[in-house]
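Colleague: Quick one: sequence and predicted model below, then my questions.
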Amino acid sequence: MPFEVESLSYDRPEQSVPLDYRQVKLYNFGESRENELVSPLDAPLNSTYKRVVGQVRPTRLYIIISGGELKERHYFSNLGRIVPIGCAIPLYFICPTGIKSGRNHAPHRGSSPQDIFDYWRTIYQPSSDSLTLLGRTYHLTENDRVYFVSDVDDFSLELQSLLKVDTPPFVRWGISNPCVEVWLYYGCIGVPSKNHCQLLENEPISKRSQKLKSLCNEYKGGIDPRKAPAVITTAIANARSFGYEVDEQGIPLLFCSSLLHFAEEFMEYLSTFK
């Protein structure tokens with residue numbers, strides 16, 4: 001049985017995550033045990049720790065539907081490290097398994113923007129602003145947040161089409177050009193240098209993500225998405241210093257990421273707990 005939003009509890013050792021952990025997983029942020037933070041990636045499944053939140057659910061529910069599985073999951077789950085102790089923010093991370101666009105139609109670990117949108121339509125009921133996860137229905141309000149997290153890569157035309165589709169006010173896109181490493185770069189390396197920008201510009205679109213990842217690997221120790229939330233304010237400052245821009249279709253320009261907006265809003269939300 002998966003963790004439940006109402007209880008946010010570790011009191012049932014027999015509980016386990018869904019068989020396909022890439023599909024749905026609930027993270028309980030900001031919990032504490034013996035004065036230590038409990039990260040979703042650190043807490044053992046058979047933990048006897050118990051803490052019950054005294055309300056049905058906190059004010060805001062986060063739903064992350066991501067095209068990438070590994071780095072994105074590590075990043076969003078470890079945001080709990082910066083949540084004030086004693087606070088709990090429920091977050092579902094979902095990476096639907098789709099078919100890669102282009103000539104390679106083999107199943108892959110990750111999803112295209114269209115995969116993300118198609119999955120959203122299977123769980124969301126617009127007539128009631130509700131969605132169903134793990135057999136349970138949640139009614140969303142304007143205060144809740146659903147983020148479609150995608151790389152640009154070679155999905156530019158797909159994104160152009162989807163950005164024109166009307167979505168509820170609580171839905172946001174978190175698009176990184178060329179990939180999520182842009183956002184990790186801001187926090188762990190700094191403001192993109194002219195040299196790195198030029199290197200990416202000179203690469204074919206299909207090779208830019210690979211090139212950026214190799215640049216990030218040159219950073220001492222590499223870039224660890226599990227540690228990146230700790231420098232989220234640095235990432236925000238560096239992203240603003242570089243300058244966030246989009247093209248006429250609303251897609252972030254090279255070395256830009258609209259995860260900047262997610263980070264700013266998330267930090268603003270955290271300030272309400274102080």
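Modeller: It's in.

Colleague: mind listing what Y62 touches?
Modeller: 89-92, 144-147 (CB atoms under 8 Å, 6 or more residues apart in numbering). Quick note: C-beta positions are derived from backbone N, CA and C, even for glycine.

Colleague: Against Y244, how distant is the closest residue to S176 other than its chain neighbours?
Modeller: Nearest residue to S176, sequence neighbours excluded (CB to CB, 6 or more residues apart in numbering): S257, at 3.9 Å. With distances taken as CB to CB, to the nearest Å, S257 is found 8 Å from Y244.

Colleague: which of these two has more neighbours?
Modeller: Looking at S257 and Y244 with other CB atoms under 10 Å, you find the greater number of neighbours at S257, namely 29 against 14.

Colleague: List phi and psi for the more buried one.
Modeller: phi -150, psi 130 (degrees, to the nearest 10).

Colleague: Over to the one 4 residues further on?
Modeller: In terms of degrees, to the nearest 10, the main-chain angles of H261 are phi -70, psi -40.

Colleague: Hmm, it is touching R172, no?
Modeller: Yes: H261 is within contact range of R172, at 6.9 Å (criterion: CB atoms under 8 Å).

Colleague: Can you list the strands that the particular helix or strand that has S150 in it pairs with?
Modeller: Secondary structure assignment for S150, by DSSP states H and E: strand 145-151. Applying DSSP bridges, strand 145-151 is found paired with strand 62-66 (parallel), strand 171-177 (parallel).

Colleague: between those strands, which gets the lowest average pLDDT?
Modeller: Sorting those by mean pLDDT places strand 62-66 lowest, at a mean of 93.

Colleague: Could you give the average pLDDT over the following helix or strand past that strand?
Modeller: Next helix or strand after strand 62-66 toward the C-terminus (DSSP H and E): helix 70-77. Per-residue pLDDT over helix 70-77 has a mean of 90.

Colleague: So which elements touch helix 70-77?
Modeller: strand 25-28, strand 62-66, strand 90-94, helix 181-188 (3 or more CB pairs under 8 Å, 6 or more residues apart in numbering; DSSP states H and E).
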